[in-house]
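1. Task: produce atomic coordinates for the following.
(2 chains)
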Protein chains: 2
Amino acid sequence: MLVGSIEAGGTKFVCAVGDEDYRIKDSVHFPTTTPEETLRKTIDYFKKFDVEAIGIASFGPIELRKNSPKYGYITKTPKPNWENTDFVGTLKKELNVPMFWTTDVNGSAYGEYVMSTLSNEKIESLVYYTIGTGVGGGAIKNGEFVGTVGHPEMGHTLLKRHPDDLDFKGICPFHGDCLEGLVAGPTFDARLGKPGKDVPQSDHVWDIMAYYVAQAALQVTLILRPDKVVFGGGVVSEPFLDKVRAQFKELLNGYVEVGDLKKYITMPLVKDNGSATLGDFALAIRELQE
Amino acid sequence: MLVGSIEAGGTKFVCAVGDEDYRIKDSVHFPTTTPEETLRKTIDYFKKFDVEAIGIASFGPIELRKNSPKYGYITKTPKPNWENTDFVGTLKKELNVPMFWTTDVNGSAYGEYVMSTLSNEKIESLVYYTIGTGVGGGAIKNGEFVGTVGHPEMGHTLLKRHPDDLDFKGICPFHGDCLEGLVAGPTFDARLGKPGKDVPQSDHVWDIMAYYVAQAALQVTLILRPDKVVFGGGVVSEPFLDKVRAQFKELLNGYVEVGDLKKYITMPLVKDNGSATLGDFALAIRELQE
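-> Numbers count the residues shown, from 1 in each chain, chains lettered A, B, ... in the order given. Now for the predicted structure:
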């Protein structure tokens, strides 16, 4: 059996074909240009394979309530040309297979959930955050995504400001100094005039970042009580997560038990940013079974 | 059919007996003293009735994972004498009926969920916050409580501080200026030297409070995307919630849709602090059916 994965990012699309054991058989990626051109390339790619279902993890915001007339749409994204794009409908016209439609971070969260189960971790729930060009999060409990009237937008909560960072206004066009506005990749340029890859972990700005990311982990810990919190995305590294764990421990102050912090706050189990592709394969198979 | 409700608060216990339509047939309340005395009174009360099951909504923290040897215990509460109390086990020795064990705020959340359904609201999920002596929150999706490794402790997340409140250290013994440390009832005494009931809504401190409570609503909106957020507890009133709604609207800045704010951020549907009793009755009946 073959299934498909579409990881639809704001910068690039990654399309892949895999089997029932989630093994990648073929993949391709291309830049995200106009919806017409990008979805055309996507359709043409999948026409070459005999996939039985496709899992789609898309940038957003998206409409995922099945009873909405806009189900399957990218809705009011700030990305030029993509607002109000009928993503699933466009694909369905030419690729007549079941499709599971969700957000990019939900796709990654599901991939991590599946991989945790395959790795014999006894978990029922997890939260997945990505910290890259933007910040987003998805949550799963017992195989179901959290979120009723829409998908989570965990990247936009407000935080207690770090005392050494009070003058920084944040870069979120909607909220200024929300989580995304304080820790997304482009904040390095905004704070220091150079990209994050050129800022050593010894720079104090990483402590400030860790203070905010620890608060994000604290929020989902106290609101969701998940089995673990996974952080992916270009800003995240193991040395950075060590700083996050230390700040989280101090902020939580033993109030609830989360077990071994190394296992609780972690990098993705799936390597090379592959969580979403694995999650998409699994969601495609699930869509077939329902 | 008769079922029982125990609303176990840190200050008082409310025990009630109701029927299958959640009508209260009898109730009693007494102060929370020692575990021995208080649970003795509870057992003696229910021995007078032929209840088929009991729903228990308790102050905490509590252990609610059924596979834990401490299931049914109040665990490490700061309340004197109650740490490590085998609440359910003590009752089970003398009252041999099924019991549903959860937190006080989960009980209230469930009561509001049931009442919303009875009122023909089409909701699948909600969050219930209480703001009184302390601050806590519970969340429900499709009839199930949110929380895997334990129950939520939503009252202890950190917040962006209000510019006019930066000198206030907060009163939470664990976290200082977490949500509870900034908006629980006793903060009025700490900030102004008088109780909240003596502070008119025109006082600026209510704007500061609303700024923080709006952030709590924002957190659960962006993390859980519930159908509505209910606020109960002694600090909450309709005029106060109007301030909260105004601040919430400004902070969210249209980022996600939540519908009519009057319906989204609301007082409890069940009057006179009755949400937990109704929730307990419904949970007792559910326990019988499982």
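2. At which residues are the helices of the stretch 1-150 of chain A located?
-> A:35-47, A:87-94, A:104-118 (DSSP state H, counting those that start in this stretch).
3. helices or strands up against the longest helix seen in chain A?
-> Secondary structure of chain A per DSSP state H: the longest helix is helix A:204-224. The helices and strands touching helix A:204-224, judged by 3 or more CB pairs under 8 Å, 6 or more residues apart in numbering or on different chains; DSSP states H and E, are strand A:125-131, strand A:135-141, helix A:179-183, helix A:187-192, strand A:228-232, helix A:238-252, helix B:204-224. Every C-beta, even on glycine, is put in place using the N, C-alpha and C of the backbone.
4. Put together CSV for the ones you listed, with mean pLDDT and distance to B:Leu251 on each row.
-> CSV is the format used below for the helices and strands packed on helix A:204-224 (pLDDT from 0 to 100; distance: least, CB to CB, whole Å):
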stretch, mean pLDDT, distance to B:Leu251
strand A:125-131, 97, 21
strand A:135-141, 96, 17
helix A:179-183, 98, 13
helix A:187-192, 98, 20
strand A:228-232, 98, 24
helix A:238-252, 98, 22
helix B:204-224, 98, 5
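5. wait, which of those is closest to A:Pro200?
-> For those, the distance to A:Pro200 is smallest for helix A:238-252, at 10.0 Å, taking CB to CB.
6. now check the closest one, is it near chain B?
-> Yes - counting by CB under 8 Å from any CB of the partner chain, chain B is contacted by helix A:238-252 at A:Leu251.
7. Can you check what angle separates that helix from helix A:204-224?
-> 60 degrees (axes from the mean of the first three to the mean of the last three CA atoms, to 10 degrees).
8. How about helix A:238-252, which residues are buried there?
-> A:240-241, A:243-245, A:247-248, A:251-252 (16 or more other CB atoms under 10 Å in any protein chain shown).
9. what's the farthest-apart pair in those?
-> A:Phe240 and A:Leu252 (18.3 Å).
10. For the stretch 51-200 of chain A, list the residues in contact with chain B, please.
-> So the stretch 51-200 of chain A meets chain B at A:61, A:123-125, A:137, A:139, A:141, A:146-161, A:174-175, A:177 (CB under 8 Å from any CB).
11. and with 7 Å instead?
-> A:124-125, A:141, A:146-154, A:156-161, A:174-175 (CB under 7 Å from any CB of the partner chain).
12. Which of these are buried? Put it as a PyMOL command.
-> The buried subset of those, as determined by 16+ other CB under 10 Å, is captured in PyMOL by this line:
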select buried, chain A and resi 125+141+146+147+148+149+150+151+152+153+154+156+157+158+159+160+161+175
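13. Which ones among the residues of the stretch 51-200 of chain A next to chain B map onto strands?
-> Within these, residues falling in strands by DSSP state E are A:125, A:141.
14. wait, doesn't A:Gly9 sit right on A:Thr32?
-> Yes - under the criterion of CB atoms under 7 Å, A:Gly9 makes contact with A:Thr32 at 6.4 Å.
15. So what's the residue count around A:Ala8?
-> 25 (other CB atoms under 10 Å in any protein chain shown).
16. Next: A:Ser108.
-> For A:Ser108, using other CB under 10 Å, the count is 31.
17. before we move on, what about A:Asn84?
-> Each residue near A:Asn84 was counted by other CB under 10 Å, and the total is 13.
18. ok, now A:Pro80?
-> 7.
19. A:Gly274 too?
-> 21.
20. A:Thr11 now?
-> By other CB under 10 Å, neighbour count at A:Thr11 equals 11.
21. mind checking how far the closest residue to it other than its chain neighbours is from chain B?
-> Closest residue to A:Thr11 apart from its sequence neighbours, by CB to CB, 6 or more residues apart in numbering or on different chains: A:Thr32 at 5.9 Å. Distance of A:Thr32 to chain B, given as CB to the nearest CB, to the nearest Å: 22 Å.
22. Over to A:Val183?
-> 14 Å.
23. The residue nearest the centre of chain A: what's it in contact with?
-> With distances taken as CA atoms, centre = their mean, A:Val105 lies nearest the centre of chain A, 2.2 Å away. Contact partners of A:Val105, counting by CB atoms under 7 Å, 6 or more residues apart in numbering or on different chains, are A:128, A:130, A:136-138.
24. Distance check, it against chain B.
-> 12 Å.
25. just A:Gly18 next, same as before
-> Noted for A:Gly18: a distance of 29 Å to chain B, by CB to the nearest CB.
26. And for that residue, nearest residue in space, chain neighbours not counted?
-> A:Gly18 sits nearest to A:Phe281 (CB to CB, 6+ apart), 4.5 Å away.
27. Would you map out the domains in chain A?
-> A:3-106+A:272-289, A:121-266 (automatic domain parsing).
28. okay, those domains in CSV with distance to B:Leu182 next?
-> Converted to CSV, the domains of chain A look like this (distance: least, CB to CB, whole Å):
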stretch, distance to B:Leu182
domain A:3-106+A:272-289, 30
domain A:121-266, 10
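29. These: which one's closest to B:Ala216?
-> domain A:121-266 (9.7 Å).
30. Can you give me the end-to-end span of the closest one?
-> 13 Å (CA to CA, to the nearest Å).
31. How far does that domain sit from its chain's centre?
-> 12 Å (CA atoms, centre = their mean, to the nearest Å).
32. cool, and stretch A:79-90?
-> 19 Å.
33. So which bits of it are buried?
-> Neighbour count says stretch A:79-90 has A:82, A:85-88, A:90 buried, by 16+ other CB under 10 Å.
34. Please give me every residue in contact with A:Gly134.
-> A:155, A:180, A:184.
35. same question, A:Gly259
-> With CB under 7 Å, 6+ apart, A:Gly259 has no contacts at all.
36. Repeat that for A:Lys92.
-> With CB under 7 Å, 6+ apart, A:Lys92 has these contacts: A:Met99.
37. Next, work out how far apart it and A:Thr277 are.
-> According to CB to CB, to the nearest Å, A:Lys92 stands 21 Å off from A:Thr277.
38. hmm, back to that, I'd like the helices and strands packed on helix A:204-224 laid out as CSV, including distance to B:Gly234.
-> Formatted as CSV, the helices and strands packed on helix A:204-224 follow (distance: least, CB to CB, whole Å):
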stretch, distance to B:Gly234
strand A:125-131, 32
strand A:135-141, 31
helix A:179-183, 31
helix A:187-192, 41
strand A:228-232, 33
helix A:238-252, 27
helix B:204-224, 13
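39. Nearest to A:Glu287 among those would be which one?
-> strand A:135-141 (16.0 Å).
40. which strands and helices sit next to that closest one?
-> helix A:104-118, strand A:125-131, helix A:179-183 (3 or more CB pairs under 7 Å, 6 or more residues apart in numbering or on different chains; DSSP states H and E).
41. Give me the residues contacting that strand.
-> Taking CB under 7 Å, 6+ apart as the rule, strand A:135-141 contacts A:103-106, A:108-110, A:113, A:124-130, A:145-146, A:152, A:154-155, A:179-180, A:183-184, A:224, A:226, B:148.
42. Now list the buried members of the residues you listed.
-> Using 16+ other CB under 10 Å, the buried ones in these are A:103-106, A:108-110, A:113, A:125-130, A:145-146, A:152, A:154-155, A:179-180, A:183-184, A:224, A:226, B:148.
43. In this structure A:Glu287 contacts A:Phe100, no?
-> Yes - using CB under 7 Å, A:Glu287 is in contact with A:Phe100, at 4.2 Å.
44. Those two - which one has more neighbours?
-> Using other CB under 10 Å, the more surrounded residue of A:Glu287 and A:Phe100 is A:Phe100, with 25 against 18.
45. Kindly provide the distance from the closest residue to A:Asp26 other than its chain neighbours to chain B.
-> Nearest non-adjacent residue to A:Asp26, counting by CB to CB, 6+ apart: A:Val17, 4.6 Å away. Distance of A:Val17 to chain B, computed by CB to the nearest CB: 32 Å.
46. Might you report the residue contacts of A:Val17?
-> Each residue near A:Val17 by CB under 7 Å, 6+ apart is listed here: A:2, A:4, A:25-26, A:49, A:51.
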